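S.K.: structure here, sequence nowhere to be found:
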């Protein structure tokens, strides 16, 4: 009786995930193995031809760029997010939860809206250029939109709340008496930070950078809205294959490569960070 | 960690700069939705005309209606399915429990764009026409995992002794659920559902790949308008979306501060 009840309760959930997550992902895998012929017909012979093309020179360049953008985004998020998290955790006082809410709030608003809102600031006739010109810091407007800078900026803006939260949690949970002990033993404030506080906050840094790097790697919105064809990421290639070139098998192969890259970089990162931590 | 000393000035300056970074684009967006200048580059004067124009824009209104319809339906379905799964996961020991629990995180682990193209392929291969229905089905994939995880955490905080007492007094499982469990957990579930609604009502990526003609939601409409540059209308509709999201979050925090939500 109880067994039927339990399975009755979880069955819709399991079926939904099977039907709309697992099965579609297997279809993508299957589809990637049957490359499309020149006349938009799907070949009947399974092959890895799509994957050979996926790793072609041009595509490798895009993958390298995606990894560099994601890496730069992660570093930027850490440099911006860590001191902020530290400030809130240590000096936030009674305002702590309000300060934290202010960090997380943008995450709840539309990612699309948050991304394109930078256009008004960055464009040649935009707010930043006008301010800089009014201050006589520049004579010619800077080209900021459609550059590596603007895409990385968009990604950083999108994922900063993700990066900050785990760091905050790891700092918040630290025992304050450890720092006092370090001070009592003659450590300078900077020694106390680098020898005690920072190493203890590493788990937060690691999970914060993972949940920044992974989605940044697969993003296409920032490059689509703030970038140009020269700043394409893998996500943009996949989007093109599906919605412009209609070579779905190729797009599927690229999607699988993207997932492979993510899993590999995640494993590598955890291994490296784990080693240093131990 | 608590520190009594005042914070160093550079740390304060850094924090201030990051908050500026987080809110400057949003501030400019809202500001320029009241700008008389159409080109969106310099401030000319205050107007609410763009907001008036929104009400004349048939496509935009339809998109708004579609967004609300999708979010309501997806939240309803995922709340029912997710709560059922969360009940089983938090109340019963059964074989495969770990696997079912991990399933909730699966759609969040797969890159959004890959989930988007996978669902698109799935619907087309099965001969299902893309429509509002396919958008709702796809949204549920994400929000059901979210609801399951959050409701499960909620339920874990509740003790089961009231249920035990009811069972001892001879109540059937269904009666116990209807009269004891449900009234206690309902406010908490509502709160989780509200958060799922807020999170997915302005979704872009998944909707982008799974919406057919006639199923354009607000973010999709904004995206297609963006191809012609940022206009004050886009700023205005985005501002309305921002305000709507913030209202939902305020409502959620009201719910959360109510002890009933925690089942006490």
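M.R.: Great, that's in hand. Since the structure is predicted, the reported quantities are computational estimates derived from the model, not experimental observations.
S.K.: roughly how far does the residue lying closest to residue B:201 once chain neighbours are set aside sit from residue B:79?
M.R.: Ranked by CB to CB, 6 or more residues apart in numbering or on different chains and with sequence neighbours excluded, the top spatial neighbour of residue B:201 is residue B:71, at 3.7 Å. All C-beta spots, glycine's among them, are computed from the backbone N, C-alpha and C. Separation of residue B:71 from residue B:79 (CB to CB, to the nearest Å) stands at 12 Å.
S.K.: got it, and residue A:268?
M.R.: 39 Å.
S.K.: neighbour-wise, which of these two wins?
M.R.: Of the pair residue A:268 and residue B:79, residue B:79 is the one with more neighbours under other CB atoms under 10 Å in any protein chain shown, namely 23 against 10.
S.K.: which residues touch the more buried one?
M.R.: B:147, B:189, B:192, B:193, B:196 (CB atoms under 8 Å, 6 or more residues apart in numbering or on different chains).
S.K.: what separation do you get for the residue nearest to the spatial centre of chain A and chain B?
M.R.: Geometric centre of chain A, nearest residue: residue A:216, 2.5 Å, by CA atoms, centre = their mean. Applying CB to the nearest CB, to the nearest Å, the value for residue A:216 to chain B is 10 Å.
S.K.: what do you get for residue A:15?
M.R.: 9 Å.
S.K.: doesn't that residue belong to a helix?
M.R.: Yes - counting by DSSP: H, G, I helix; E, B strand; the rest coil, residue A:15 is part of a helix.
S.K.: count of residues packed around it?
M.R.: Neighbours of residue A:15 using other CB under 10 Å come to 11.
S.K.: just residue A:55 next, same as before
M.R.: The burial count for residue A:55: 11, using other CB under 10 Å.
S.K.: spatially nearest residue to it, not counting backbone neighbours?
M.R.: Per CB to CB, 6+ apart, closest to residue A:55 is residue A:257, 7.4 Å.
S.K.: please verify my assumption that the residue nearest to residue B:201 contacts residue B:194.
M.R.: No - assessed by CB atoms under 8 Å, residue B:71 is found out of contact with residue B:194, at 10.8 Å.
S.K.: who are the packing partners of the lowest-mean-pLDDT helix or strand in chain A?
M.R.: Using mean pLDDT, DSSP states H and E, the weakest-scoring helix or strand in chain A turns out to be helix A:248-277, at a mean of 86. Packing partners of helix A:248-277 (3 or more CB pairs under 8 Å, 6 or more residues apart in numbering or on different chains; DSSP states H and E): helix A:23-32, helix A:49-54, helix A:57-86, helix A:198-217, helix A:234-243, helix B:112-125.
S.K.: after the longest one comes which helix or strand?
M.R.: With elements assigned by DSSP states H and E, the helix or strand that comes after helix A:57-86 is helix A:96-108.
S.K.: contacts for the next helix or strand after that next one?
M.R.: Once the chain leaves helix A:96-108, the next helix or strand it forms, by DSSP H and E, is helix A:111-122. Under the contact criterion CB under 8 Å, 6+ apart, helix A:111-122 has outside partners A:106, A:126-128, A:144-145, A:150, A:153-154, A:157-158, A:221-222, A:225-226, B:24-26, B:28-29, B:32, B:40-41, B:202, B:204, B:219, B:222-223, B:226, B:230, B:234-235, B:238, B:241-242.
S.K.: again with stretch B:29-39
M.R.: Looking at what lies outside stretch B:29-39 - CB under 8 Å, 6+ apart - the contacts are A:113, A:117, A:120, A:125, B:40, B:43-51, B:231-232, B:235-236, B:238-239, B:242.
S.K.: fine by me, we can end here.
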